[in-house]
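Asker: any chance you can model this:
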Amino acid sequence: MESLSEATSGAIGALVSTTILYPLDTCKTKYQAEVRAHHQQKYRNISDVLWEAISTRQVLSLYQGLGTKNLQSFISQFSYFYGYSFFKRLYLEKFGKKTIGTTANLIIAAAAGACTVVVTQPLDTASSRMQTSEFGKSKGLWKTLSEGSWSEAFDGLAISLLLTSNPSIQYTVFDQLKQRQLKGQLSSKTGTGSSPEALSAFSAFVLGAVSKCVATVLTYPAIRCKVMIQAVETEEEGYKEDAVRKQKTISSAICAIWKREGPLGFFKGLQAQILKTVLSSALHLMIKEKITKTTWVLFLAVRKYLFVNRGRLKSS
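Answerer: Numbers count the residues shown, from 1 in each chain. Okay, the predicted model is just below:
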């Protein structure tokens, strides 16, 4: 029940934050996917993507792929939080500990993340292709996946597994900061007969922002390569010669960035990525913290209701 409650609240938080910030995510993804020499770039900054949507009267196209992204986010976060909470509880029970160390937390988070990635990779690939399609020309989920082979639906799987270190770092930093925050609140309330059960909305927002910022900076080059690998094929001038379009591998993505943009190209769009992911993570964790107790109460009520009805059926 505890794992299910954590998973449900985490998934709902992801769904809400993804929907609110989706136009920013689309602009960021299209900007990251462009690989050209500096003097040939179509987008000089992320605002150029937004202006293109406005000037071509395709503002609603900023939401192309939202359904797929929400489905992917919901399944991903539900699977991750369920696995993370489940493995964490097993660890604490097996070793008889009350808290979990940083190393163990990283390992558990990485294991939960790896399981999640394998399940949701086709949806992740499809949403990236929808976002990087020309405005107004995005295809549906089934058509996007069915146009290529089954193996192409798992484009970027290797780098996605590598990027499980991102949420691992994020949630480890968040958990450690949260424990310190709650411990400080508990110390200040000693003798009052009350103890904090959850962070305040503001504290959860701030800690979520800080933890995601740390994780994003450390893993950004891999994030950029992943977007390039998953981006939709295009015949635009300047793209079709790129090695990454001929062979979608981590090495080809690295070579393409190095050849056309130089070392700084690995951090192209970092500011937009930080803005989007930090806001998304902060909103996500804030929402999750605030609805966790409500979700837990609802699950207890449902279990009690089912238990009572089962007893009535047996007695009848």
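Asker: remind me which residues of the stretch 1-150 of the chain are low pLDDT?
Answerer: Applying pLDDT under 70 to the stretch 1-150 of the chain flags residues 1-7, 37-39.
Asker: the helices in it, which residues?
Answerer: 2-20, 22-33, 46-55, 66-95, 102-132, 141-146 (DSSP state H, counting those that start in this stretch).
Asker: need the winner for burial among the ones you listed.
Answerer: helix 22-33 (a mean of 23; mean count of other CB atoms under 10 Å). Glycine gets a C-beta too; all of them are placed from N, C-alpha and C.
Asker: so what touches that helix?
Answerer: 18, 43, 45-50, 53, 61-66, 69, 128, 131-132, 223-224, 227-228, 231, 268-269, 272-273, 275-276, 279-280 (CB atoms under 8 Å, 6 or more residues apart in numbering).
Asker: same thing but at 6 Å, please
Answerer: For helix 22-33, the surrounding residues in contact (CB atoms under 6 Å, 6 or more residues apart in numbering) are 43, 46, 49-50, 62-63, 66, 131-132, 224, 227-228, 231, 269, 272, 276.
Asker: check the offset of that helix from the chain's centre.
Answerer: The offset between the C-alpha centroid of helix 22-33 and the centroid of the whole chain comes to 14 Å, using CA atoms, centre = their mean, to the nearest Å.
Asker: with just CA atoms, put that helix into CSV.
Answerer: The C-alpha trace of helix 22-33 is given here as CSV (Å, rounded to 0.1, in the frame of the first residue of the first chain):
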residue,chain,number,x,y,z
TYR,A,22,4.9,21.2,-22.4
PRO,A,23,5.2,24.2,-24.8
LEU,A,24,8.6,25.0,-23.2
ASP,A,25,9.6,21.3,-23.5
THR,A,26,8.7,21.3,-27.3
CYS,A,27,10.8,24.5,-27.9
LYS,A,28,13.7,23.1,-26.0
THR,A,29,13.6,19.7,-27.8
LYS,A,30,13.5,21.3,-31.3
TYR,A,31,16.4,23.6,-30.4
GLN,A,32,18.5,20.7,-29.0
ALA,A,33,17.8,18.5,-32.0
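Asker: quick one: that helix to helix 66-95, angle?
Answerer: Taking axes from the mean of the first three to the mean of the last three CA atoms, to 10 degrees, helix 22-33 and helix 66-95 form an angle of 90 degrees between their directions.
Asker: and which of the contacts of helix 22-33 is nearest Pro263?
Answerer: Lowest distance from Pro263 to those (CB to CB) belongs to Arg224, with 12.1 Å.
Asker: residue contacts, that closest one?
Answerer: Going by CB under 6 Å, 6+ apart, Arg224 touches Gln32.
Asker: ok, back up a step: looking at the helices of the stretch 1-150 of the chain, which is nearest to Leu264?
Answerer: Closest approach to Leu264 among those is made by helix 22-33 (13.7 Å; CB to CB).
Asker: okay then, goodbye and thanks.
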